Each structure stands twice: as structure tokens, then as C-alpha cells.
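Asks: output the structure for:
(one chain, ligands or ions: 1)
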Amino acid sequence: MENNRKVTLTYNDGKDNLEMPVLKGTLGPDVVDIRSFSKTGMFTFDPGFLATASCESQITFIDGDLGQLYYRGYPIEQLAEKSDYLEVCYLLLNGELPTAEERKVFERGIMRHNMLHDQLMSLFKGFRRDAHPMAVMVGVVGALSAFYHDSLDINNPEHRKISAHRLIAKLPNIAAQAYRYNKGLPFSYPKNGLTYAENFLHMMFSTPCEEYKVNKTLALALDRIFTLHADHEQNASTSTVRLAGSSGANPFACIAAGIACLWGPSHGGANEAVLKMLDEIGSVENVPAFMEGVKNKTHKLMGFGHRVYKNMDPRAAIMKETCDEVLNELGLHNDPKFKLAMALEKIALEDPYFIERKLYPNVDFYSGIVLSAIGIPVSMFTPIFALARTVGWISHWAEMIADPAMKIGRPRQLYTGAQRRDYIPQEQR
Ligand code: CMC
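Replies: Got it, this is the predicted structure:
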């Protein structure tokens with residue numbers, strides 16, 4: 001929304017001033033609308049998008065200084081305590097919390113789509129057994145577009161809804177089968193009647209030989225991890241999904257692009273990197289030497305720091321509580337790895353290097369510990385992040401497609417390469 005404020009750009013070479021409107025959101029800082037700037041023949045330069053709002057959105061709000069996160073206006077703390085992942089999915093997709101009837105219909109819709117096309121199973125078998133499950137997920141999710149031609153018309157709202165439901169429903173199954181294929185376990189099937197998180201645990205760990213009993217505390221912890229990871233505004237993977245979608249690419253291809261981006265250790269790969277780091281440090285006596293390396297910039301303290309949060313990540317505060325619950329439930333408080341994590345956290349929170357740079361633990365520091373305690377192998381941490389974030393990605397994609405002002409995303413650049421020069425034949429080089 002435009003307000004009366006304006007920003008005036010003045011040049012020191014006599015060119016006319018340029019007045020640019022200031023836009024006001026419902027929350028958060030004002031935003032200078034620089035669209036008219038392109039007419040000047042110049043561009044703005046903002047690598048890493050530190051000062052750039054790439055779109056208008058009504059889905060998620062973050063206040064990084066205050067450490068606040070809202071989905072559709074609801075604080076994450078309230079959702080983590082009172083809601084559950086499927087309700088959060090409905091909220092993110094539709095903008096409002098569901099009535100009991102809406103919830104029932106939505107849940108049935110997700111459950112009805114959670115099987116995988118039998119032919120898709122052959123695709124898993126094309127991968128090496130030791131492939132990282134994220135590699136399998138990028139491939140298999142992208143391949144969904146080859147199976148569901150009936151929901152690929154991105155201009156049809158009903159198609160967009162069906163694709164969204166298919167993705168939310170099938171991602172846990174795809175992630176679980178990527179794990180089972182790696183392990184040499186037979187593929188498993190979803191079991192309706194279980195909750196979304198219970199079903200995921202069942203698909204991961206059940207065997208044909210005996211009944212798998214889901215531990216309710218662990219399933220609730222997993223559901224909370226899903227809720228906390230469901231969306232996070234215009235992060236790297238969500239921006240990737242939007243950019244891919246802006247060309248009109250189908251939703252399955254766009255989500256595959258999001259998964260690829262999430263894989264990186266600065267983003268969704270951080271939870272896996274936390275556990276690898278704990279293994280490398282080994283024990284509490286090695287923490288001071290490791291910290292020296294962090295301060296000398298030899299390595300980073302994974303699970304710490306965030307581009308937006310310059311205060312405690314609110315998801316980390318909730319995850320820390322869940323971490324305690326899970327370690328208590330499993331009697332793991334004295335496990336050396338978890339003791340090491342807690343020692344590391346304490347030292348970092350008191351160290352001036354971290355205090356001065358406002359580096360706090362982020363959600364991945366604790367979620368890695370919880371997932372590891374639940375018995376999830378480290379290579380599955382990022383796939384779990386991906387399956388939980390799918391609803392956020394698809395909500396942003398749908399919001400963008402439904403916006404009549406949508407344009408293909410096409411940034412410009414500051415070119416610093418060679419000037420025009422003539423081709424030199426090889427024998428003269
Ligand atoms: N360990 C040590 N130093 C750090 C860390 C860290 N984890 N994070 C940032 N710094 C330092 C950085 O070296 C820089 O120091 P200086 O001012 O002396 O040059 C300062 O803090 C500012 O960091 P930055 O790199 O400018 O911050 P950024 O906003 O570009 O990066 C980040 C954010 C998340 C990529 C980074 O903090 C990081 O790599 N953290 C570790 C990986 C991680 O845990 N990622 C998960 C993020 S939360 C989940 C998600 O949303 O994906």
C-alpha cells in the first residue's frame with residue numbers, strides 16, 4: 001500500500017531528481033518502490049538481496065530484531081503449542097484456520113493422495129543405493145510432472161489446488177522411500193488412520209515382518225518440527241521456487257528446484273552439518289580449540305546465525321523445549337553427543353564473538369539433535385526439512401501465480417568482465 005512518504009534520489013551530475021513512493025505493509029519496515037528507477041537506464045546493486053523485497057506476500061511475517069515469526073498473522077509459538085502440522089498446512093495455503101468440516105475434507109484430500117504411482121517406484125531403482133536422499137528427492141519430485149498431466153494447468157485454480165495437495169501428501173512418502181532404498185529395505189506404504197507425522201515414522205521404520213508401534217511423544221516432536229519448518233518467507237529456496245515458477249514452469253518442477261536449493265549447508269543442509277560438526281568435535285575437551293577455529297574463520301559454528309534473526313530464532317526457542325522433552329522421553333540427557341551440543345551452545349551464547357555479531361542458535365541446531373535422538377539418520381535431516389517446507393513453497397508459488405501483476409523474475413547485473421574485443425584465432429593466442 002502506498003502512503004504519503006516519498007524518497008527522492010538526487011544525482012551529483014545535474015540529472016533530474018527521481019521521486020520514488022514508499023510502500024507500507026501491514027507489519028514490518030517501509031519499502032521504497034524503485035520500479036520507476038529502471039527508466040533512468042541504471043540499476044540498483046544488491047547482491048544477496050540484503051536490501052531488496054522481491055515480492056508482495058501475505059503468508060509469513062518475520063521480525064528478525066524482535067525474534068518474531070507469524071504464519072498468516074498467528075505467532076509461531078501459539079501454532080506450535082495449539083495447532084498441528086496439517087492445520088498449519090491448511091492455514092498457509094488458504095489464509096485462514098479451517099472449521100472442523102474444512103479440516104476433515106482437507107485431511108481426507110491429503111490422505112487420498114499419499115500413495116505413489118507404482119511406476120514411480122522404478123525411478124528410485126535407477127539411483128545408486130548410496131545416493132544421498134536429497135539427490136533422489138530432487139529427481140523423483142521433478143518426475144512427478146511426468147505422472148500428473150491432469151493437474152498441470154497453472155492457470156486453473158483447481159489444478160493448482162490438486163497439485164498442492166499431491167505434493168504435501170506425497171513428499172513424506174518420497175522421503176521415506178529414498179531412505180528405504182538406500183538401506184535396502186522393501187518399499188513401504190502409507191497407513192491412513194495415522195497422523196501425518198506418525199505416518200512418516202511408519203513409512204520410514206516399519207518392516208513387513210512385525211507391527212510398528214509409533215511412539216506418540218516422538219511423533220508429536222516430529223509434527224512440531226514440521227510446523228516450525230513449514231514456511232519462512234522469502235528465504236533462498238522459496239525465492240528459487242518463485243523464480244522458477246515465474247517462467248510458468250509446472251509446480252512439481254518448481255518444488256524440485258526448491259529442494260535443490262534447500263540442500264546447501266547454509267540453508268536446509270545446516271541440520272545435517274550440525275551433527276557432522278558434533279562428530280568432528282568429538283568431546284567437550286575439544287570445544288575450546290574448535291571455537292578458536294570459528295573465531296579465526298577456519299570453519300563456522302553450524303546451527304548458529306541467521307540472515308534475518310539478529311535475536312533468538314523463535315523456532316529455536318520452541319525446538320529447545322522439544323529437545324528437552326525428547327531427550328527425557330528417551331533417557332538421553334547424559335548421552336555424550338547431546339551433552340557436547342549443550343556445552344557448545346552454552347559457550348557460544350557467552351562468547352563475545354557471537355554476542356557482538358548477534359549470532360544465536362537457529363532452529364537447525366536443535367532440530368538436528370531432536371531428529372538424531374528420534375533415530376532419524378543424519379542424511380534424512382534435510383529431506384525432512386524439504387517435506388515440511390513443501391507447503392510453504394507451494395503456498396508462495398500459488399500466491400504468485402494468482403497475482404495478476406506477476407512477471408517473470410529477471411534480475412540485471414553490474415558487468416565487470418572484459419570490454420568488447422575481437423576474436424583471436426587459436427594459432428595467434
Ligand atoms: N559461525 C561463525 N561465524 C559466523 C556464523 C557462524 N555460524 N554465521 C555468521 N558468522 C559471522 C560471519 O563470519 C560474519 O563475521 P564478520 O562480521 O567478522 O565478517 C558475521 O558473523 C556476519 O555473518 P554473515 O555471513 O554476513 O551473515 P549472513 O546473513 O550472510 O549468513 C548464515 C547467514 C545463516 C548463512 C550464516 O549465519 C551461517 O552460515 N550459519 C551457519 C549455517 C546455518 O546454521 N544455517 C542455517 C540457517 S537457519 C535455517 C534456514 O533458514 O535455512
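
Asks: the closest residue to residue 176 other than its chain neighbours: how many residues sit nearby?
Replies: Nearest residue to residue 176 in three dimensions, chain neighbours excluded: residue 203, at 3.6 Å (C-beta to C-beta, 6 or more residues apart in numbering). Every C-beta, even on glycine, is put in place using the N, C-alpha and C of the backbone. Neighbours of residue 203 under the rule other C-beta atoms under 10 Å: 24.

Asks: what do you get for the one 5 residues further on?
Replies: Applying other C-beta under 10 Å, we find 7 residues neighbouring residue 208.

Asks: how about the contacts made by residue 167?
Replies: By C-beta atoms under 8 Å, 6 or more residues apart in numbering, the residues touching residue 167 are 141, 144, 251, 252, 255, 390, 394.

Asks: who touches residue 305 in this structure?
Replies: 357, 359, 360, 362.

Asks: now with 6 Å?
Replies: Residue 305 is in contact with residue 359, counting by C-beta atoms under 6 Å, 6 or more residues apart in numbering.

Asks: re the thing from before, wait, the residue nearest to residue 176 sits on residue 188?
Replies: Yes: with contact defined as C-beta atoms under 6 Å, residue 203 counts as touching residue 188 (4.8 Å).

Asks: show me the longest strand that occurs in this protein.
Replies: Taking DSSP state E as the criterion, the chain has its longest strand at strand 2-9.

Asks: tell me what it is packed against?
Replies: Packed against strand 2-9, as judged by 3 or more C-beta pairs under 6 Å, 6 or more residues apart in numbering; DSSP states H and E, are the following elements: strand 18-23.

Asks: so for the strand it packs on, mean pLDDT?
Replies: Mean pLDDT, strand 18-23: 95.

Asks: residues contacting that strand, please?
Replies: Contacts of strand 18-23 (C-beta under 6 Å, 6+ apart): 2, 5, 6, 7, 8, 9, 30, 31, 32, 33, 34.

Asks: name the strands paired with the longest strand of the chain and say parallel or antiparallel.
Replies: According to DSSP bridges, strand 2-9 forms sheet pairs with strand 18-23 (antiparallel).

Asks: neighbours of the residue of the stretch 1-150 of the chain found nearest the ligand, just the number please.
Replies: Nearest to the ligand, among the residues of the stretch 1-150 of the chain, is residue 48, at 6.6 Å (C-beta to the nearest ligand atom). Around residue 48 sit 8 other residues, with neighbours defined as other C-beta under 10 Å.

Asks: picking that back up, distance check, the residue nearest to residue 176 against residue 235.
Replies: 27 Å (C-beta to C-beta, to the nearest Å).

Asks: same deal with residue 28?
Replies: Residue 28 is 16 Å from residue 235, by C-beta to C-beta.

Asks: with residue 352 instead?
Replies: Distance from residue 352 to residue 235, by C-beta to C-beta: 28 Å.

Asks: and these two? which has more neighbours close in?
Replies: Higher neighbour count among residue 352 and residue 235: residue 235, with 23 against 8, using other C-beta under 10 Å.

Asks: neighbouring contacts of the longest strand of the chain?
Replies: Here strand 2-9 has contacts from 17, 18, 19, 20, 21, 22, 23, 24, 32, using C-beta under 6 Å, 6+ apart.

Asks: contact partners for the first one?
Replies: With C-beta under 6 Å, 6+ apart as the criterion, the residues that contact residue 17 are 8, 10.

Asks: cutoff 7 Å now
Replies: 8, 9, 10 (C-beta atoms under 7 Å, 6 or more residues apart in numbering).

Asks: buried ones only from these, please, as a PyMOL command.
Replies: Buried residues within those, by 16 or more other C-beta atoms under 10 Å, are selected in PyMOL with:
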select buried, resi 9
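
Asks: follow-up on the earlier one: just the buried ones from the contacts of strand 2-9, in PyMOL syntax?
Replies: Command for PyMOL that selects the buried part of the contacts of strand 2-9, burial taken from 16+ other C-beta under 10 Å:
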select buried, resi 18+20+21+32
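
Asks: the contacts of strand 2-9: which two are farthest apart?
Replies: Using C-beta to C-beta, the contacts of strand 2-9 span at most 22.3 Å, a distance reached by 17 and 24.

Asks: residue ranges with poor pLDDT in the stretch 51-200 of the chain?
Replies: Scanning the stretch 51-200 of the chain for pLDDT under 70 picks out nothing.

Asks: what about the helices in the stretch 101-250 of the chain?
Replies: 120-125, 133-143, 157-183, 196-205, 216-229, 236-245 (DSSP state H, counting those that start in this stretch).

Asks: which one of the ones you listed lies closest to the ligand?
Replies: Of those, nearest to the ligand by C-beta to the nearest ligand atom is helix 236-245, at 7.4 Å.

Asks: any residue of the closest one touching the ligand?
Replies: No: residues of helix 236-245 are not located near the ligand by C-beta under 6 Å from any ligand atom, the shortest gap being 7.4 Å.

Asks: over to stretch 256-270?
Replies: Yes: shown here: stretch 256-270 in contact with the ligand (C-beta under 6 Å from any ligand atom) through 266, 267, 268, 270.

Asks: may I see the buried residues of stretch 24-34?
Replies: Residues 32, 34 are the ones in stretch 24-34 that count as buried (16+ other C-beta under 10 Å).

Asks: of all pairs in the contacts of strand 18-23, which one is the farthest apart?
Replies: Going by C-beta to C-beta, the pair spanning those furthest: 2 and 9, at 17.2 Å.

Asks: what number of residues lie near residue 145?
Replies: Counted with other C-beta under 10 Å, residue 145 comes out at 19.

Asks: my read: it touches residue 252, true?
Replies: Yes: proximity of residue 145 to residue 252 meets the contact threshold set by C-beta atoms under 7 Å, at 3.9 Å.

Asks: may I see the buried residues of stretch 377-387?
Replies: For stretch 377-387, by 16+ other C-beta under 10 Å, it's 378, 379, 380, 381, 382, 383, 384, 385, 386, 387.

Asks: now the helices for the stretch 251-400 of the chain?
Replies: Going by DSSP H, counting those that start in this stretch, the stretch 251-400 of the chain shows helices at 251-262, 270-281, 287-295, 314-330, 336-350, 352-356, 363-374, 381-402.

Asks: and of these, who's closest to residue 86?
Replies: From the helices of the stretch 251-400 of the chain, taking C-beta to C-beta, the stretch that ends up closest is helix 381-402, at 9.4 Å.

Asks: state the mean pLDDT of that closest one.
Replies: Here the average pLDDT along helix 381-402 is 97.

Asks: taking helix 216-229 as reference, get the angle to it.
Replies: Angle, helix 381-402 to helix 216-229, by axes from the mean of the first three to the mean of the last three C-alpha atoms, to 10 degrees: 40 degrees.
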